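Next one to model:
(one chain, ligands or ions: 1)
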Amino acid sequence: MSLHGRDVVSIRDLSREEIVGVLDAARRMIPLAEGSRRSPVLAGKIVAMAFFEPSTRTRLSFESAVQRLGGGCLTIADAGGTSLRKGESLYDTIRMLSSYADAIVLRHPNEGAARLAARASDRPVLNAGDGAGQHPTQTLLDLATIRERFGTLAGLKVVLLGDLKYGRTVHSLAYALAEFGSEIIISSPEGLRLPEEHRDDLKRRGAKVREEPSIDRAIREADVLYVTRIQKERFPDESEYRAVAGSYRIDARLLSAAKPKMIVMHPLPRAGEIAPEVDATPHAAYFRQAFLAVPVRMALLAAVLGPARRGG
Ligand code: NCD
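Purely as a prediction, here's the structure:
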């Protein structure tokens with residue numbers, strides 16, 4: 001099936017073949033993302049960036065991707081400047097945006113907001129993060145980073161470390177890793193464990209998932225160490241956050257036990273979970289990961305909005 005005109009709300013909206021297709025196309029987009037070649041694939045297209053939660057990389061890499069492909073953006077970077085402040089519903093905002101743009105990229109604090117937006121819009125909606133729900137385009141670039149380093153997405157041991165309760169990046173990534181046949185090792189402070197529903201669902205799908213509370217042991221085994229930030233903004237109360245704040249930090253000493261080819265990833269922003277000294281080690285992959293956001297989002301936008309392929 002072609003991605004043309006489709007919504008991407010959850011990573012589960014894409015088949016394995018579709019994911020691989022986006023990753024292959026993203027590889028070809030790298031020179032364009034670097035600015036050394038040009039393409040008019042999105043010429044005349046307008047993409048609305050509707051960001052109702054803070055964002056740096058996601059919004060800017062989407063905007064860069066659209067502009068590198070010759071398209072234009074309409075951007076809401078702050079809910080405070082919009083009619084949502086006057087009580088307008090998300091449904092109305094999205095309906096209106098879908099008459100101004102050819103696609104909508106949405107970030108919203110409420111889980112389920114992207115699904116609602118997809119129903120409200122007759123244009124494709126790409127979920128750029130809905131509360132503690134999903135973040136499928138982040139998963140695509142995470143997979144691109146892993147595949148670039150290891151040449152495969154299968155048979156790897158991937159440690160998901162940190163806030164697995166509220167972290168939407170890991171909620172999305174875990175499903176994709178399971179689909180591609182990598183082993184998932186979850187490691188988190190007690191209060192931030194992966195919710196049962198996710199764990200059960202992964203197991204039902206036959207995923208290899210296990211828990212390893214010791215960071216030391218997890219690091220020794222890992223091919224990929226995927227570190228996340230504690231999602232402070234999602235805690236119902238401050239004392240719950242304080243109980244887990246600063247409970248893990250990856251530094252050069254911890255990494256001395258890692259496999260030589262192990263990579264450290266992080267969706268960023270980091271807030272103390274990875275010591276700056278790690279940047280200079282061969283393990284650090286998070287800045288490459290942030291760069292790959294552009295070619296991956298270019299590939300996705302081109303598939304969703306570009307000229308429809310014959311037979312596709
Ligand atoms: C993440 C997010 O917004 O979920 N950031 C991102 O998109 N790169 C992770 C985070 O905020 O911790």
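
which residues in the protein form helices?
Assigned by DSSP state H, the chain shows helices spanning 16-33, 57-68, 90-97, 113-120, 136-150, 168-180, 196-204, 215-221, 238-244, 252-255, 286-305.

Let's have these in a markdown table, adding mean neighbour count.
Placement of C-beta: from N, CA and C, glycine included. Output for these, formatted as a markdown table (neighbours: other CB atoms under 10 Å):
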| stretch | mean neighbour count |
| --- | --- |
| helix 16-33 | 18 |
| helix 57-68 | 21 |
| helix 90-97 | 18 |
| helix 113-120 | 22 |
| helix 136-150 | 24 |
| helix 168-180 | 24 |
| helix 196-204 | 13 |
| helix 215-221 | 17 |
| helix 238-244 | 13 |
| helix 252-255 | 15 |
| helix 286-305 | 24 |
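
could those go into a markdown table alongside distance to residue 79 and mean pLDDT?
A markdown table is the format used below for the helices of the chain (distance: least, CB to CB, whole Å; pLDDT from 0 to 100):
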| stretch | distance to residue 79 | mean pLDDT |
| --- | --- | --- |
| helix 16-33 | 29 | 98 |
| helix 57-68 | 13 | 98 |
| helix 90-97 | 9 | 96 |
| helix 113-120 | 12 | 98 |
| helix 136-150 | 20 | 98 |
| helix 168-180 | 18 | 98 |
| helix 196-204 | 28 | 95 |
| helix 215-221 | 37 | 98 |
| helix 238-244 | 22 | 94 |
| helix 252-255 | 39 | 97 |
| helix 286-305 | 22 | 98 |
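
Reformat these as CSV; add distance to the ligand.
Converted to CSV, the helices of the chain look like this (distance: least, CB to the nearest ligand atom, whole Å):
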stretch, distance to the ligand
helix 16-33, 16
helix 57-68, 4
helix 90-97, 18
helix 113-120, 13
helix 136-150, 5
helix 168-180, 5
helix 196-204, 15
helix 215-221, 18
helix 238-244, 14
helix 252-255, 20
helix 286-305, 8
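
Which of those helices sits closest to residue 107?
helix 57-68 (6.6 Å; CB to CB).

Between helix 286-305 and the closest one, find me the angle.
50 degrees (axes from the mean of the first three to the mean of the last three CA atoms, to 10 degrees).

Packing partners of helix 57-68?
helix 16-33, strand 46-51, strand 72-76, strand 103-108, strand 125-130, helix 136-150, helix 286-305 (3 or more CB pairs under 8 Å, 6 or more residues apart in numbering; DSSP states H and E).

Contacts for that helix, please.
32-33, 35, 38-39, 42, 45, 47, 49, 51, 72-73, 75, 77, 105, 107, 128-129, 137-138, 267-268, 290, 293-295, 297-298, 301 (CB atoms under 8 Å, 6 or more residues apart in numbering).

and the closest residue to residue 286 other than its chain neighbours, what is it in contact with?
Spatial nearest neighbour of residue 286, excluding adjacent residues (CB to CB, 6 or more residues apart in numbering): residue 266 at 4.3 Å. Contact partners of residue 266, counting by CB under 8 Å, 6+ apart, are 226-229, 273-274, 286, 289.

For those residues, give me a markdown table that also has distance to residue 101.
Output for the contacts of residue 266, formatted as a markdown table (distance: CB to CB, whole Å):
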| residue | distance to residue 101 |
| --- | --- |
| 226 | 32 |
| 227 | 34 |
| 228 | 31 |
| 229 | 30 |
| 273 | 36 |
| 274 | 36 |
| 286 | 31 |
| 289 | 28 |
